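Peer 1: coords below, sequence missing:
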């Protein structure tokens, strides 16, 4: 960006943007202090400017469900009530994703209904593949876990941290590992 | 959002927000160029508007410690000096977290003092569980690793990339895997 | 931040920042609605204000390559054409990183050309280690995978989700696991 380009943005008053930047930084510092004082936490800039329950409601998710600002939500994603959706999560509904109530979707979890393996290795000649994925109610999904397209996870199932789920998980079972396998009753 | 709602925001001058948006985008492009020119890097919008050392200092962390903007910090988290805290990190001090000096907390690492397994599978009837976690000085924690609540990691320990640590790690030991086990002297 | 500090920022008009905050929030809500209506997706605040193709072009990446806003790019990173770079990705070129065409760099992937293990355990006395890394064309790298410094991945290789790649991957091979090993023809 050249100086000419910058000046052309506000030819009458080149100092407008300098003042705006200072004012924006000031607002962010005030919001950050309010978050620390009220809730004893530090959240991202984007989470200072948005509300987790509002974000969830905006996408049509159920009452009591919350969703950090940097969650990437694609296509048809239905989520029930009182579900917690952490930061750095991907909810891919490009092939239809359904999620129940009281689910813990821990930070860094990625739930897919597509993959691009064939697209990449064919140098873009093969299409993206898609299949629907379904997560029941009362499910816990641990941090940084990845759920492959086409999988169904039943009510009350527990998926351990850092698991890769590429097959169905029956209701009430505990799965973990890469790939995730049953550890119920062990 | 309807047009009526938008106009009501600035009834006297509906073009205020259009100009504001253009000015904000212009500022971001200038900050982005400055970051590339001075430091040869691209950082998130939020990291353009904030300072990593200032963020760490704001939460009371020690001198020389830095912290990317999108790190989620919850509750009682104490961090020593010269510790590097990467992007997409979670530092959960809801059950008390202590971290020493010269620690590398690589990108995507999540360190917990609570879990919501029982909360989820009981459909919200059981409370969230909490236990304190402690990380010593001179510890390296590799990318995308998760540290479970209640764990202690001793001084100088090395935790490999993508490890799930659910037991104590003695000082000077090298642990990795899911779950992480000792690989010292192998 | 004290009231005095805040007032000193806009002594003539203390309400400037309140109006600015409301206007910024209003803009973000409008951009969010536009994203939902046009593309049926929710993206981060930063991705509302920036363009993925523009970000890639800005860092000198090839035509058709896209890059989410919160990708951290460090130093010498060369990327070819039509490569997809997801959110929460780290592209570390502090030791020189080269990436080809039609590569899928899934969300949460971290590709390194340095590590800080020795720096941490020596309490800052040992330097950061660096080695160049190379990714060919037509490569798929699954979500949350980590590529260690010094690795070469050949054309058309497939790296499964949640893999830790610490050795070279020949062209056309399928690797996964922690550490990743060959699963070609299995």
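Peer 2: Received the coordinates, thanks. As the structure is a prediction and not an experimental result, all values here were calculated from the model.
Peer 1: which is the succeeding secondary structure element to the lengthiest helix in chain A?
Peer 2: Secondary structure of chain A read by DSSP state H shows that its longest helix is helix A:16-39. Note on helix A:16-39: by DSSP states H and E, the next helix or strand toward the C-terminus is strand A:41-42.
Peer 1: can you list contacts of that following strand?
Peer 2: A:32, A:35-36, B:55, B:58-59, B:71-75 (CB atoms under 8 Å, 6 or more residues apart in numbering or on different chains). Bear in mind the C-beta positions are built from the backbone N, C-alpha and C, glycine included.
Peer 1: in helices, which of those residues appear?
Peer 2: Reading helices off these with DSSP H, I get A:32, A:35-36, B:55, B:58.
Peer 1: ChimeraX command to pick out the buried ones of the residues you listed?
Peer 2: Buried subset of those, written as a ChimeraX selection, criterion 16 or more other CB atoms under 10 Å in any protein chain shown:
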select /A:32,36 /B:55,58
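Peer 1: helices of chain A, start to end?
Peer 2: A:3-9, A:16-39, A:45-49, A:52-58, A:117-121.
Peer 1: the fourth one near chain C at all?
Peer 2: The reference is to helix A:52-58. Yes. Against chain C, helix A:52-58 shows contacts by CB under 8 Å from any CB of the partner chain at A:55, A:58.
Peer 1: how about the second one?
Peer 2: Yes. Remark: helix A:16-39 sits within contact range of chain C at A:20, A:22-24, A:26-27, A:29-31, A:33, by CB under 8 Å from any CB.
Peer 1: now those residues: which count as buried?
Peer 2: A:20, A:23-24, A:26-27, A:29-31.
Peer 1: I'd like those laid out as TSV, including pLDDT.
Peer 2: Below are these laid out as TSV (pLDDT from 0 to 100):
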residue	pLDDT
A:20	93
A:23	94
A:24	94
A:26	94
A:27	95
A:29	95
A:30	95
A:31	96
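Peer 1: quick check, nearest of those to residue C:16?
Peer 2: residue A:23 (6.5 Å; CB to CB).
Peer 1: distance of the closest one relative to residue A:30?
Peer 2: Distance, residue A:23 to residue A:30, by CB to CB, to the nearest Å: 11 Å.
Peer 1: need the residues touching each of these two.
Peer 2: residue C:17.
Peer 1: ok so, going back, and chain B, which of the residues of helix A:16-39 next to chain C contact it?
Peer 2: Within the residues of helix A:16-39 next to chain C, those near chain B by CB under 8 Å from any CB are A:20, A:24.
Peer 1: residue A:159: which of the residues of helix A:16-39 next to chain C is nearest?
Peer 2: residue A:31 (34.3 Å).
Peer 1: now the closest one: closest residue in space that isn't a chain neighbour?
Peer 2: In this structure, residue A:31 finds its nearest non-sequential neighbour in residue A:48, 4.2 Å apart by CB to CB, 6 or more residues apart in numbering or on different chains.
Peer 1: how many neighbours does the one you found have?
Peer 2: 20 (other CB atoms under 10 Å in any protein chain shown).
Peer 1: which stretches of chain A have low pLDDT?
Peer 2: Applying pLDDT under 70 to chain A picks out residues A:1-15, A:186.
Peer 1: the longest strand belonging to it pairs with which strands?
Peer 2: Longest strand in chain A, counting residues (DSSP state E): strand A:90-99. In the sheet, strand A:90-99 lines up against strand A:72-79 (parallel), strand A:110-111 (parallel), strand A:133-135 (parallel) (DSSP bridges).
Peer 1: how far does the second one sit from the chain's center?
Peer 2: What separates the centre of strand A:110-111 from the centre of its chain is 8 Å, taken as CA atoms, centre = their mean, to the nearest Å.
Peer 1: what residues does that strand touch?
Peer 2: Here strand A:110-111 has contacts from A:89-92, A:97, A:99, A:105, A:133, A:135, A:141, A:145-147, C:106-108, C:143-144, using CB under 8 Å, 6+ apart.
Peer 1: sorry, back to before: what helices and strands are in contact with the longest helix of chain A?
Peer 2: Judged by 3 or more CB pairs under 8 Å, 6 or more residues apart in numbering or on different chains; DSSP states H and E, helix A:16-39 is in contact with strand A:41-42, helix A:45-49, helix B:16-39, helix B:45-49, helix C:3-9, helix C:16-39.
Peer 1: angle of the last one against helix B:16-39?
Peer 2: This points to helix C:16-39. Orientation check (axes from the mean of the first three to the mean of the last three CA atoms, to 10 degrees): helix C:16-39 against helix B:16-39 gives 90 degrees.
Peer 1: quick one, what contacts residue A:25?
Peer 2: Here residue A:25 is in contact with residue B:49 (CB under 8 Å, 6+ apart).
Peer 1: run a quick check on residue A:152 versus residue A:167, I expect a contact.
Peer 2: No. Residue A:152 is beyond contact range of residue A:167, at 9.4 Å (criterion: CB atoms under 8 Å).
Peer 1: ok, and the closest non-adjacent residue to residue A:103?
Peer 2: residue A:83 (4.4 Å).
Peer 1: now do the contacts for that neighbour.
Peer 2: A:61-62, A:64-66, A:99-105.
Peer 1: among those residues, which ones are in strands?
Peer 2: Filtering these for strands - DSSP E - leaves A:66, A:99, A:104-105.
Peer 1: most neighbours among those residues, which one?
Peer 2: residue A:105 (29 neighbours).
Peer 1: returning to what we had before: ok, now which ones touch the residue nearest to residue A:31?
Peer 2: If you count contacts by CB under 8 Å, 6+ apart, residue A:48 has them with A:28, A:31-32, A:35.
Peer 1: out of the ones in strands among the contacts of residue A:83, who's nearest residue B:113?
Peer 2: residue A:104 (15.7 Å).
Peer 1: residue A:42 bridge partners, please.
Peer 2: residue B:73.
Peer 1: pick the one among the contacts of residue A:83 closest to residue A:43.
Peer 2: Of the contacts of residue A:83, the one sitting nearest to residue A:43 (CB to CB) turns out to be residue A:66, at 12.1 Å.
Peer 1: report the contact partners of the closest one.
Peer 2: Taking CB under 8 Å, 6+ apart, one finds A:52-53, A:55-56, A:83-85 in contact with residue A:66.
Peer 1: quick check: the gap between it and residue C:161.
Peer 2: 26 Å.
Peer 1: ditto for residue A:86
Peer 2: Distance from residue A:86 to residue C:161, by CB to CB: 18 Å.
Peer 1: higher neighbour count, the two?
Peer 2: Between residue A:86 and residue C:161, counting by other CB under 10 Å, residue C:161 is the more crowded of the two (26 against 22).
Peer 1: wait, the more buried one touches residue C:107, no?
Peer 2: No. Between residue C:161 and residue C:107 no contact is recorded; they are 10.2 Å apart, counting by CB under 8 Å.
Peer 1: find the residues that touch each one of those two.
Peer 2: C:143-144.
Peer 1: coming back round to it: let me know the closest of the contacts of strand A:41-42 to residue C:116.
Peer 2: residue B:71 (17.0 Å).
Peer 1: and the closest residue in space to that closest one that isn't next to it in sequence, what is it in contact with?
Peer 2: In space, and not counting its chain neighbours, residue B:71 is closest to residue B:89: 4.6 Å by CB to CB, 6+ apart. Neighbouring residues of residue B:89 by CB under 8 Å, 6+ apart: B:67-68, B:71-72, B:105, B:107-111.
Peer 1: residues contacting residue A:170?
Peer 2: Here residue A:170 is in contact with A:154, A:157 (CB under 8 Å, 6+ apart).
Peer 1: still on that earlier bit, CSV for the helices and strands packed on helix A:16-39, including distance to residue B:179?
Peer 2: Formatted as CSV, these follow (distance: least, CB to CB, whole Å):
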stretch, distance to residue B:179
strand A:41-42, 28
helix A:45-49, 31
helix B:16-39, 38
helix B:45-49, 33
helix C:3-9, 48
helix C:16-39, 40
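Peer 1: who wins for proximity to residue B:118 among these?
Peer 2: strand A:41-42 (22.5 Å).
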